[in-house]
Every structure is written in C-alpha cells, then in structure tokens.
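> structure, please.
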Amino acid sequence: MRGFWLALLAVSIVNPARADWLADAWSNHEIGTPAINFNRTGVVTIVLPEELVAQARATGLSTEGAVSAFLGRYAPPICSSLIDMNVPHANLKVDFLLEHPVALEDADAATQEDAAEALNRALKSPSTRSVPRIQRLFVVDAKPLSLSIGYAPDHKVRCVEPPVANF
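Residues are numbered from 1 along each chain as shown. Predicted structure coming up:
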C-alpha cells in the first residue's frame, strides 16, 4: 500500500509541472515562436523553442514526449484536410526542429541580411510609427530530427469545412 501512495504522489507532482511548461508555450514569444506544419506526405513538421524543450525535459519528458504533449495540446484546433489531429495516431511521423536564440552579431551573413530586409520592409510600411529594432533573434535548425511518436489529442474540436461556393 505504501508503494501505491508513493506512486500516486509522484504522479501528482509530475503532472502539474507538465501543465506549467505547456500552459503558455504557444503565447510566450520571449523564448521563441513554435510552429506546426502539415504536408501531403503525412509528416508533421514542428518547431519548438530550445527553452521550451528544456522546460519539458526538466519535468522528465524525452524529446518525443515533449513533442507529443505539445502536439496533443495545440494541434487539434488546426483543422486540415491533410491529417486529422482530432484522432490518435500510433506512429505519427514528425520532423522536429529546434529554435535557438542567437545574438545578431553571432548570426551568419544570410540571417543578418534577412534581418536587414525585414527592417527595411518595416520602415517602408505605412503602419510603422517608430524606428523598428531587433530585440531578439531566433534561428531554426536546418536539419530536422525525424521522430515517430504516439499521438493523442488532449481535447477534440469540431472542424467545419466551408461550403462549396456556387457563383
């Protein structure tokens, strides 16, 4: 009986930590910007900020576990005709990319050029009221880590297909 209570205590300690790292994972742009993309081959591409993955690992999750938990929370509302994320997938193929913070001066020449072009576009935009500046720079790994995960949505949403337009 003592073993049961210790296991129950361990589960109750781990679960709140899992919830914490996922709670603002999509909205906390201070640490980077996650992304989920679907393609016709059925492979899901996911980008997660390095700090977010570190938070997940601190709760005891593996990379696969972190990817599965993140997708389970945030993928169901992304309705797509390519893959139904409202149902479990036993061996979901995922290309995982890590997003790293980088100091502008440490970025390669191509990244610095992209940043300069983005600033120039912002300066030309009529909605820009002040001089834009780069506060944070994040780069994404060029080569993905290919994973096969057990996926289950945390919740279900009702995806609605738009009606066929008749003109």
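
> how close does the residue nearest to residue 40 when sequence neighbours are not counted sit to residue 36?
Counting by C-beta to C-beta, 6 or more residues apart in numbering, residue 40 lies nearest to residue 82, which is 6.2 Å off, once chain neighbours are set aside. Bear in mind the C-beta positions are built from the backbone N, C-alpha and C, glycine included. Using C-beta to C-beta, to the nearest Å, residue 82 is found at 12 Å from residue 36.

> more neighbours: the two, which one.
residue 36 (18 against 13; other C-beta atoms under 10 Å).

> so that one sits against residue 46, correct?
Yes: counting by C-beta atoms under 8 Å, residue 46 is a contact partner of residue 36 at 5.4 Å.

> identify the contacts common to these two.
When contacts are counted by C-beta atoms under 8 Å, 6 or more residues apart in numbering, residue 36 and residue 46 are jointly contacted by residue 71.

> which neighbouring elements make contact with the strand of greatest length in the chain?
For the chain, the strand with the greatest residue count under DSSP state E is strand 89-101. Secondary-structure packing of strand 89-101 (3 or more C-beta pairs under 8 Å, 6 or more residues apart in numbering; DSSP states H and E): strand 44-49, helix 50-58, helix 63-74, strand 138-140, strand 145-151.

> going by mean pLDDT, which of these comes out lowest?
For the helices and strands packed on strand 89-101, the weakest mean pLDDT is recorded on strand 138-140, namely a mean of 91.

> which outside residues touch that one?
Taking C-beta under 8 Å, 6+ apart as the rule, strand 138-140 contacts 32-33, 47, 49, 97-102, 107, 111.

> many thanks, we can stop here.
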